[in-house]
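Participant: Dropping the sequence and predicted coords here.
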Amino acid sequence: MTEIGAFERTSAAVWARPERAVLAYRAVVIALIAGVAETLGRAAIALDDSGVTVSGLAIGLAVRAAIYVAVFALAARMLAGSLWARGILVVGLSTVGLASLVLEPMGAMLAARHLSDVFSGWTPNAVLLGLFRAVHVIAVLIAVPAAILAGPRTDRP
């Protein structure tokens, strides 16, 4: 066996991936699934509101879909050993990505006069969307350190 960076060559055609790279990839995929589920749930709820325009909702869904596809493509490149993809994922997920997930709940908590106000008025839809959001946040918190600790890798074009 020969070793290049964090990948070991086990045969002429196969490179063994480091466990942390696989963990990071799986966590990103789980985060994406949770994000898509939350997005679709929010879209379904929004469609019940008479003030929502379908075109505005479609544009929002298209933007999110583009982001999710880009993140998935970066995760796939990271799994293949790309340092630049891993770097973009780590920086993007640990800053803008995580901030976009926690700012809304933190704002609600800070705006509440009493802690009990945060927990009043919950509906089954809100609980389900909150669970998707929690899974999304936990998956990102697993993916980022796993990606950082995946080990060095020589980037191939």
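Facilitator: On my side now, so go ahead. Values in this document were obtained by computation on a predicted structure and should not be read as measured data.
Participant: residues in contact with the most centrally placed residue in the chain?
Facilitator: Nearest to the geometric centre of the chain sits A31, at 3.8 Å (C-alpha atoms, centre = their mean). Residues near A31 by C-beta atoms under 8 Å, 6 or more residues apart in numbering: 93, 135-136, 139-140, 143. Where C-beta positions appear, they are placed from N, C-alpha and C, glycine not excepted.
Participant: min pLDDT across the residues you listed, which one?
Facilitator: Least confident of the contacts of A31 in the model: L93, at 91.
Participant: show me what contacts that one?
Facilitator: By C-beta under 8 Å, 6+ apart, the neighbours of L93 are 28, 31, 71, 140, 143-144.
Participant: and with 6 Å instead?
Facilitator: Counting by C-beta atoms under 6 Å, 6 or more residues apart in numbering, L93 touches 140, 144.
Participant: do the same with the one 5 residues further on
Facilitator: In this structure, L98 makes contact with V140, judged by C-beta under 6 Å, 6+ apart.
Participant: Could you provide the contacts of A31 in TSV, with additional columns for secondary structure and distance to V36?
Facilitator: Output for these, formatted as TSV (DSSP: H, G, I helix; E, B strand; the rest coil; distance: C-beta to C-beta, whole Å):
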residue	secondary structure	distance to V36
L93	helix	16
V135	helix	11
H136	helix	10
A139	helix	12
V140	helix	14
A143	helix	16
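Participant: S50: what secondary structure?
Facilitator: Following DSSP: H, G, I helix; E, B strand; the rest coil, we place S50 in the coil state.
Participant: Got the phi and psi for it?
Facilitator: Note on S50: its backbone torsions stand at phi -70, psi -20 [degrees, to the nearest 10].
Participant: returning to that earlier point: pick out whichever of the contacts of A31 sits closest to R64.
Facilitator: Lowest distance from R64 to the contacts of A31 (C-beta to C-beta) belongs to H136, with 12.4 Å.
Participant: Apart from its chain neighbours, what residue comes closest to the closest one?
Facilitator: A34 (4.0 Å; C-beta to C-beta, 6 or more residues apart in numbering).
Participant: in this protein, which segments are predicted with low confidence?
Facilitator: 1-16, 152-157 (pLDDT under 70).
Participant: can we see that at 90?
Facilitator: Counting by pLDDT under 90, the chain shows low-confidence ranges at 1-21, 47-56, 79-83, 104-123, 126, 149-157.
Participant: Would you mind measuring from the residue nearest to the centre of the chain to H114?
Facilitator: Per C-beta to C-beta, to the nearest Å, A31 is found 32 Å from H114.
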